Each structure stands twice: as C-alpha cells, then as structure tokens.
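sequence plus predicted model, see below.
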Amino acid sequence: MDLVESGGGLVQPGGSLRLSCVVRWSTLDQIAIGWFHQAPGKEEREVVSCISASGISTTYADSVKGRFTISRDTPKNTVYLQMNDLKPEDSGVYYCAGDRVCGDWASYYEYWGQGTQVTVSS
C-alpha cells in the first residue's frame, strides 16, 4: 500500500489549506487513515485527526478541534484534511498514515506517506 500526500504550502495566519492523501493499492473501506503533525525540530509525530475504515468515526486532537476537518472521497480513494484558521504552531510536516483502526500513536501505524510541508507565517 502507498500513501501520497499533497496540498501543503505557505499560508498566512488565519488562512486555510486542504491536504490530500491518496491511497494506492488498497481501498478506503479496508483502512483507517490518520493525519500526523511533526513540528520543526521535533522527532515525534503527533496525531491530529483520524477517520475510521467505515468512514463513520472521526477523531481530532484538542488543538485542532473546530479548525480542522477530516473527510474522504471513497471513489477517489482520497482522504482530506481541511485546515482553517491556521496558526504558526501548526507549521511542520504533515503525514498521513494507515492501519486497520485509528490509533493514538505514530508507532501503531504500518503505512506512511512521504509528508507534505505546511508553513504558517506572515
């Protein structure tokens, strides 16, 4: 299985970005997809949001609730992360990751994309 992210970029505080994660060689009904944030200079990747394989259940980190929305387009095999009201602390590399169910820790996930850079700066 391959995961390919896109959609990162440079945005001003308060702006928006939509990240995409295309799943290849599998289908979304078989895999949960999580989005992770790796802040500049830090090694750990923190879970931001996750959507279950059924698409029914979604979870969000407290820091992004009300600002970020995870969704998916099953025919396109793509999961999105809509990021609104972005803050400088949201800067970093965003990864999508996949496994059977949503997990809270990066070490749980078996499949990873290459990451996409998000920079929030004026």
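Perfect, thanks for sending it. Residues are numbered from 1 along each chain as shown.

contact partners for the residue minimising distance to the centre of the chain?
Closest to where the C-alpha atoms of the chain average out (CA atoms, centre = their mean) is Trp35, at 2.5 Å. Applying CB atoms under 8 Å, 6 or more residues apart in numbering to Trp35 gives the contacts 19, 21, 47-50, 70, 79, 81, 94-97. No exception for glycine: its C-beta is placed from N, CA and C like everyone else's.

ok, now with 7 Å
The neighbours of Trp35, taking CB atoms under 7 Å, 6 or more residues apart in numbering as the test, are Val48, Ser49, Ile70, Leu81, Tyr94, Cys96.

with Gly55 instead?
Arg72.

could you confirm it falls within a strand?
No. Read with DSSP: H, G, I helix; E, B strand; the rest coil, Gly55 is coil and lies in no strand.

mind starting the numbering at 13 from now?
With 13 as the first residue, the last one maps to Gly67.

distance of it relative to Gly53?
Between Gly67 and Gly53 the computed distance is 35 Å (CB to CB, to the nearest Å).

could you find the closest non-adjacent residue to Ile82?
In this structure, Ile82 finds its nearest non-sequential neighbour in Ser61, 4.3 Å apart by CB to CB, 6 or more residues apart in numbering.

ok, Val130 to Leu93 distance?
Computed as CB to CB, the Val130 to Leu93 distance reads 10 Å.

between the two, who's got more neighbours?
Between Val130 and Leu93, Leu93 has the larger neighbour count (other CB atoms under 10 Å), namely 27 against 21.

quick check: which element contains that one?
strand 90-95 (DSSP states H and E).

could I get the buried residue list for that strand?
By 16 or more other CB atoms under 10 Å, the buried positions in strand 90-95 come out as Thr90, Val91, Tyr92, Leu93, Met95.
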